[in-house]
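[1] No sequence on hand, only this structure:
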């Protein structure tokens, strides 16, 4: 899953490596990953994916089968194949902690390594950081809209492939979801798992009520019944007697799920039916095409929904399914480097991001400056890998989540809303402007 | 990569299986995968992903580690864990060939298997079929817009994770792209590989021209030079002498790449510079935020671009990053089944899709009917797996691609345009309408 082959890369990484090796260009290079623009209407992004990047860097190497195939392809000469056989990542990584809000032009990861090492990892580093940071930002918006109601990731089936499904469970949990339906995410990271039943389960029975009873008896610890396969309110009425009867046997029914139609209207009607039958303790869970706007609408109308299953629109980040992001060379052999392409110019050199907070703990603004400049707040990029080795074991995902929730709570209130807010202030120092001129005068 | 663990599934699949086992509900079930609505402005979708589905079905089983974890979780009782240990897919699959255009309500895959087998595979089957079919449809639109110009998949880095990157290389090639930058896709399926160089390669050199010369000498078989790192036209002028000098040594420069600014305008200026310097044979390749509309615009203005690198917007299907699709129970224990949820009602029973063509070979219309009905054209669903075994070896991807290109060429001309066309006619037979009534009278 997250152990992708090193050959899952762009061809040009390999052809550039050959050129670097041929010219002995193996001096230290500094690359940084950043986002150029916030995808509207996001007011912030959330750093995520570092754990998978470090895992990848620690294990990346070419297999014999890959090297044989490369050699047979005739694209690279034998000296280059030999160099690739010994390729390891021996460099340094500095990064923002996962779960940290970030903004345009702020690097969330810096890699310092011999050029052929820092170059080759580009494709996968972008692939891992953009996806999880994008999903975490979208999931954080859902969590803000849900005001503490339970959110569960339901999106595996329509995620873009296996890894997207698995990693979006991680990214959404990290950003405030309460859990996921994806079993492997529970096994891998201890993410709380939630599940109900599918329409097919109900359909496979000749009677809907039999389906409910069989399921509850098969799971005497508690169940959620899906009640919209045929007629939602009729199903709610029919199950009153069943739930009471099961309760006398000590078999609880915890909740019902709605998955179609006007979820708010159905929830109100079903709540009234359940309450009328004395089942005030049975909760209502809703799913189906939900995103932060739909959740906010349901919350605003006071829909009696206790939890939401959020899938496709969250974990494909459906309104903005990619970030305008880059992993750019900022320094090579001790000299700052800068791209000046139209609309894509970058800030050169090794950079640090400082964050300032007010007395109330709310974020005031960030400063983007050259590394080594005097501290202007909390330094967000911290060493995480030196010489190809992690400096600390992976934090538990629950810790990462706690950090994210604390950090999101410190965002200026307008940025925590769903509507586009005025941009968060990120100041670029004179020292960094000066470095641009140095880089420009050197290149060309 | 495409060998995802079986535990990469929704929790409810496992809890439903326990309920099925408890009640001995292991009779044959029929599930079909279909799309409910075309995502606008798509005029057709393209079936893709069957190969990965068959591979998954053939190899799916729980590992000991997964079973141990499940047992320790306490969610399932020991008899269920035991049944899962022996779980294999022993069923039948009928499907449309990959590369076949399809339309709403038409099943592209039918699985017939004991209920716990057909149920458990749901999540991954949807995950595989929706992604590749979606990307193939988007890529086909790009190919139609490009009118035969070379298209290369550049999207790995911003794909949603590793598998999405790899499978979008496959889906886009299948749909008419000429190749991919993703090396593993070349190794795995023989997809032609293309690569140029990154801005970082140019930036790492003190002189852009040195960077070009080093690269060409390192790849004397031919190269593409990226010329927009600093000033596109200046780079084009500077490289004239270099290209001529290298040519005298037998080292060709095949193309230049543009990656920023107004691609059409830069292409015209660079073409004039190259032609003025006698380099009429050097081609121009363009990339950067391309999709079918941008390609169509560049083609319409006659931009002298010989090939396009298309990434993010194609392989995230950025304007519509998911399909409204489902894998639904249509029959259980010999009786047709149907979901009637609001806005999500389905056609019950085992179905076939017949396609009719005019004398000119162009598609006239499809008929959706019950399986076994009299032939009303070419039957699109064909047996591909029986008793858990494939009926034929995997076709080569080049064959699949050839089938797709022939099939796309037979679409009504309006459907091959980028603008929304009148819906392609799909007729539902009386026999299928009758079956709905049978299913409805049985359920409730």
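    Yep, it's here. The shown structure was predicted, so the numbers you read here are calculated from the model rather than taken from an experiment. Numbers count the residues shown, from 1 in each chain, chains lettered A, B, ... in the order given.
[2] Which helix runs longest in chain A?
    helix A:122-146 (DSSP state H).
[3] gap between that one and the chain center?
    3 Å (CA atoms, centre = their mean, to the nearest Å).
[4] what does the stretch 1-150 of chain A put close to chain B?
    With CB under 8 Å from any CB of the partner chain as the criterion, the stretch 1-150 of chain A meets chain B at residues A:1-2, A:4-5, A:7-16, A:18-20, A:22-23, A:25, A:29, A:31, A:66, A:69, A:73, A:75, A:115, A:119, A:122-124, A:126-128, A:130-131. Backbone N, C-alpha and C define where each C-beta goes, glycine included.
[5] Just those: which are in strands?
    Among the residues of the stretch 1-150 of chain A next to chain B, the members found in strands (DSSP state E) are A:29, A:31.
[6] Check the residues of the stretch 1-150 of chain A next to chain B for burial and list the buried ones.
    Neighbour counting by 16 or more other CB atoms under 10 Å in any protein chain shown classes A:1-2, A:4-5, A:7-16, A:18-20, A:22-23, A:25, A:29, A:31, A:66, A:69, A:75, A:115, A:119, A:122-124, A:126-128, A:130-131 among the residues of the stretch 1-150 of chain A next to chain B as buried.
[7] any low-confidence regions in the stretch 1-150 of chain A?
    A:1-2 (pLDDT under 70).
[8] what are the ranges of the helices in it?
    For the stretch 1-150 of chain A, the helices defined by DSSP state H, counting those that start in this stretch cover A:11-23, A:50-59, A:64-73, A:78-85, A:115-120, A:122-146.
[9] Could you provide the ones you listed in a markdown table, with additional columns for distance to residue B:336?
    Below are those laid out as a markdown table (distance: least, CB to CB, whole Å):
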| stretch | distance to residue B:336 |
| --- | --- |
| helix A:11-23 | 51 |
| helix A:50-59 | 45 |
| helix A:64-73 | 48 |
| helix A:78-85 | 57 |
| helix A:115-120 | 55 |
| helix A:122-146 | 38 |
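[10] and the stretch 301-444 of chain A, which residues reach chain B?
    Residues of the stretch 301-444 of chain A lying near chain B by CB under 8 Å from any CB: A:312-313, A:316-318, A:321-323, A:325, A:328-329, A:332, A:335, A:337-344, A:442-444.
[11] if you set the cut-off to 7 Å instead, what comes out?
    Within the stretch 301-444 of chain A, the residues that sit near chain B (CB under 7 Å from any CB of the partner chain) are A:312, A:316, A:318, A:321-322, A:328-329, A:332, A:337, A:339-344, A:442-444.
[12] domains of chain A?
    A:11-135+A:320-442, A:195-287 (automatic domain parsing).
[13] I figured residue A:110 hits residue A:381, correct?
    Yes. The pair residue A:110 and residue A:381 qualifies as a contact (CB atoms under 7 Å) at a distance of 6.2 Å.
[14] State the pLDDT value of the residue nearest to residue A:329 when sequence neighbours are not counted.
    Sequence neighbours aside, residue B:200 is the residue nearest to residue A:329 in space, at 3.7 Å (criterion: CB to CB, 6 or more residues apart in numbering or on different chains). Residue B:200 carries a pLDDT score of 96 in this model.
[15] Likewise for the one 10 residues further on?
    Turning to residue B:210, the model gives it a pLDDT of 97.
[16] Need the three-state assignment for it.
    helix (DSSP: H, G, I helix; E, B strand; the rest coil).
[17] Any idea how many residues pack against it?
    Using other CB atoms under 10 Å in any protein chain shown, residue B:210 has 13 neighbouring residues.
[18] can you tell me how far it sits from residue B:201?
    Remark: distance between residue B:210 and residue B:201 (CB to CB, to the nearest Å) = 11 Å.
[19] Next, the contact list for the spatially most central residue of chain A, please.
    Central residue of chain A (CA atoms, centre = their mean): residue A:132, 2.6 Å from the mean position. Residue A:132 is in contact with A:48, A:49, A:167, A:170, A:171, counting by CB atoms under 7 Å, 6 or more residues apart in numbering or on different chains.
[20] Check the gap between it and residue A:51 for me.
    In terms of CB to CB, residue A:132 sits 9 Å off from residue A:51.
[21] Quickly list what's touching both of these two.
    What both residue A:132 and residue A:51 touch, as defined by CB under 7 Å, 6+ apart, is an empty set.
[22] And the residues of the stretch 301-444 of chain A next to chain B, which of them are buried?
    A:312, A:316, A:318, A:321-322, A:328-329, A:332, A:337, A:339-341, A:344, A:443.
[23] CSV for these, including pLDDT and secondary structure?
    Converted to CSV, these look like this (pLDDT from 0 to 100; DSSP: H, G, I helix; E, B strand; the rest coil):
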residue, pLDDT, secondary structure
A:312, 97, helix
A:316, 98, coil
A:318, 98, coil
A:321, 98, coil
A:322, 98, coil
A:328, 95, strand
A:329, 96, strand
A:332, 96, strand
A:337, 89, coil
A:339, 78, coil
A:340, 79, coil
A:341, 76, coil
A:344, 74, coil
A:443, 57, coil
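[24] Those residues into JSON lines, with extra columns for distance to residue A:232?
    Compiled in JSON lines, these are given as follows (distance: CB to CB, whole Å):
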{"residue": "A:312", "distance to residue A:232": "22"}
{"residue": "A:316", "distance to residue A:232": "27"}
{"residue": "A:318", "distance to residue A:232": "26"}
{"residue": "A:321", "distance to residue A:232": "32"}
{"residue": "A:322", "distance to residue A:232": "37"}
{"residue": "A:328", "distance to residue A:232": "53"}
{"residue": "A:329", "distance to residue A:232": "57"}
{"residue": "A:332", "distance to residue A:232": "63"}
{"residue": "A:337", "distance to residue A:232": "61"}
{"residue": "A:339", "distance to residue A:232": "56"}
{"residue": "A:340", "distance to residue A:232": "59"}
{"residue": "A:341", "distance to residue A:232": "55"}
{"residue": "A:344", "distance to residue A:232": "51"}
{"residue": "A:443", "distance to residue A:232": "65"}
